[in-house]
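> Only the shape, not the letters, is given here:
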């Protein structure tokens, strides 16, 4: 039986999320599967991946073929690297301890890179919010100056009409 590690679509139209499953290659996309090993939600930023690392590694080692998208997910999570390193152990290139140290070093670098990316995004969001706030303050100042100008014009107009009206009243009394 040819097994595949693939995505099984769930969710509503335009808002899909996926289960990562091991299935017979002849089974339909959303049909019967052997085992669910994780989930993938591309709707969040960054995409959320929940994966049973050990089971994914087991299925890769027994010959399950991942689809392209699933291969990218497994590579991003380090399952493919761990499989590659364990193949080196089988061939005698290095031992289990070396595999663990190499994998932990890779994992640490990956976490640092993702944290740096998150920090950069957070900082750019702060800068963007500050720029928007400053632009809004400038727009509010311009509006306030415009309103003050209009109020001054209206007050001047009312003062002249009031003065003219009082001047007409004085002329009427004089007559």
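Nice, I can see it. Small disclaimer: the values here were computed from a predicted structure and weren't measured. Numbers count the residues shown, from 1 in each chain.
> Determine how far the helix or strand containing residue 56 lies from the middle of the whole chain.
Using DSSP states H and E, the element containing residue 56 is helix 53-61. In terms of Cα atoms, centre = their mean, to the nearest Å, the centre of helix 53-61 is set 28 Å apart from its chain centre.
> For the worst-scoring helix or strand of the chain on mean pLDDT, name the packing helices and strands.
Least confident helix or strand of the chain, by mean pLDDT, DSSP states H and E, is helix 96-174 with a mean of 87. Secondary-structure packing of helix 96-174 (3 or more Cβ pairs under 8 Å, 6 or more residues apart in numbering; DSSP states H and E): helix 79-91. Just so you know, the C-beta spots here come from the backbone N, C-alpha and C atoms, and that holds for glycine as well.
> pretty sure residue 6 is touching residue 29, no?
Yes - contact status for residue 6 versus residue 29: in contact at 7.4 Å, counting by Cβ atoms under 8 Å.
> returning to that earlier point: so how far is the least confident helix or strand of the chain from its chain's centroid?
Helix 96-174 has its average C-alpha position 25 Å from the chain's average C-alpha position, going by Cα atoms, centre = their mean.
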